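1. I would like to see how this sequence folds:
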Amino acid sequence: MPQQPQSTAYAGGFSNPPVVSAQAFRAAMNAMARPGRIEEITGAAPPHGVSVAAGSLLLTLCDPETGVYLASDVDSKALRGWLAFHTGAPIVAAEQADFALGSWASLMSLDRFRIGTPEYPDRSATLIVEVPAFDAPNAVLSGPGIKDTAKMALPGLAAFQDNAMLYPLGVDFFFTCGTQVAALPRSTQISAEA
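-> A predicted model of the protein is given here:
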């Protein structure tokens with residue numbers, strides 16, 4: 001197998017970190033505040049196999065204090081090196097993760113991720129789920145940040161409904177595809193699209 005050039009880990013970061021990270025952070029927070037709404041998020045150029053949106057979230061939200069779990073479908077030497085150089089975030093097991101990245105199938109099962117404690121519900125994992133596309137909605141969302149209802153495509157309704165029943169515990173989700181991100185906080189109620 002050919003040796004990866006050393007410079008790969010150094011490339012692909014934010015071109016103007018203070019400005020670009022602020023824009024990416026705003027997009028991430030807007031997505032989380034308005035469940036189901038798709039936002040544009042750019043700035044990062046992560047290694048092959050990871051979307052711009054997912055890379056931008058990682059660069060924005062991770063630091064040496066945040067453990068990252070990489071599911072088998074995205075885990076690579078190139079991604080580990082890129083994350084280490086740009087964020088300093090340690091790669092950890094799913095059970096210790098603050099953030100987890102991968103496809104829905106590769107991230108399963110949800111019960112291995114931290115859901116917080118009654119005293120510290122914020123000590124839970126946030127999953128960054130890479131999706132091939134934002135498909136036609138199959139779920140109706142309601143709750144904080146949503147006027148009336150919103151609609152969204154979710155890969156497994158029952159798992160998200162079970163997660164919402166744990167509130168204020170549970171995990172939060174970002175969904176990424178290309179340069180787009182949508183979010184689903186644990187406080188959102190989910191029902192099947194009629």
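2. my read: residue 32 touches residue 173, true?
-> No. Using C-beta atoms under 8 Å, residue 32 is not in contact with residue 173; the gap is 9.3 Å. C-beta: built from backbone N, CA, C; applies to glycine.
3. list residues touching both of the two?
-> 183, 185 (C-beta atoms under 8 Å, 6 or more residues apart in numbering).
4. tell me which of those two has more neighbours.
-> Comparing residue 32 with residue 173 by neighbour count (other C-beta atoms under 10 Å), the higher total belongs to residue 173, at 25 against 20.
5. show me what contacts residue 179?
-> Residue 179 neighbours (C-beta under 8 Å, 6+ apart): 40-42, 51-53.
6. for residue 108, state which of those residues is nearest.
-> Nearest to residue 108, judged by C-beta to C-beta, of those is residue 51 at 19.4 Å.
7. ok, that closest one - contacts?
-> Residue 51 touches 130, 176-179, counting by C-beta under 8 Å, 6+ apart.
8. let's go with 6 Å and repeat that
-> Counting by C-beta atoms under 6 Å, 6 or more residues apart in numbering, residue 51 touches 130, 176, 178.
9. just among those residues, which is most surrounded?
-> residue 176 (26 neighbours).
10. alright, that wraps it up for me.
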